[in-house]
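# mind folding the following:
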Amino acid sequence: MNYPQIRKLVCKNGRIITNYIMQAEYQSRLNRVKALAEPYAHNKIQMLRRVYCDQSSFELPEKHRVEFEIKEKVADYYAIDFNSVLICGSAHLGFSPNKETIFEIGKSDIDIAIVDSNLFQHIWSTVIEETHSFSYQHLFPLGPNRTNGAKFVQNMIARRGLIHGHLLPKTPLFDTHRELTTELTKSYGTYFSKVSFGFYMNEIAFHLKQLSAIKGIFQNVE
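Have a look, this model is predicted:
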């Protein structure tokens, strides 16, 4: 096969070649996290702390500077401890076990977890006050798959101890949160396509949410 034929084959099958490379990179990143987590598999809390709380992001570009800046801005904005702000999702692991995709600079989202009981309680009580105990459902954005946002928020609070930042009601008191999200997205737009927040009731609530990803790692890696 001469050069033009090879080039034509590569162009024709470019998507296949790209997918193969990405699958190999996904497997490499998955194995890396598994190696870190596996020694603690006998204790889920230890394993999750090792992966998420005692480990810098695997894939953030300019890891320490970018991660530090984001955490500091969020901690200062909400007047909480610096260690209460964590990076999770594919921006932390380097891949998404559920979607089986890798983190891509400038294309993937960054998920920021805020683990602070007092802040969670404050946001929860403010939501109740602003929406008259969830009766003003029109104030909530739509939930996943265009579901009822108010009911989704209620369900996540009750079952997961989690409030998603993008589902906070559209009221003036929460406009400042949206301003922070917009500011971070603009400031770090070359790194991430979108910034998402999750407010957790406590460390256990955070760990339970991340457990599904860790379980996926052990199911997907031989």
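# spell out the secondary structure type for Leu86.
What DSSP: H, G, I helix; E, B strand; the rest coil gives for Leu86 is strand.
# that one: what's it in contact with?
Tyr52, Cys53, His92, Ile112, Ala113, Ile114, Val115, Phe206 (CB atoms under 8 Å, 6 or more residues apart in numbering). Yep, even glycine has a C-beta here, placed from its N, CA and C like the rest.
# same deal with Pro169?
Contacts of Pro169 by CB under 8 Å, 6+ apart are Val127, Glu130, Thr131, Tyr136, Leu139, Phe140.
# out of those, who has the most neighbours?
Among these, Val127 has the most neighbours (other CB atoms under 10 Å), with 24 neighbours.
# all helices of this protein, in order?
Along the chain, counting by DSSP state H, helices occupy 3-12, 14-37, 44-48, 63-78, 90-93, 117-130, 149-160, 172-187, 203-220.
# what's the most buried one of those?
Ranked by mean neighbour count, those are led by helix 90-93 with a mean of 26 (mean count of other CB atoms under 10 Å).
# His164 reaches Asn155, doesn't it?
No: with contact defined as CB atoms under 8 Å, His164 does not count as touching Asn155 (11.2 Å).
# poorly predicted segments of the chain, please.
Scanning the chain for pLDDT under 70 picks out 1-18, 20-21, 61-63, 216, 218-222.
# apply 50 and report the result again.
1-12, 17, 220-222 (pLDDT under 50).
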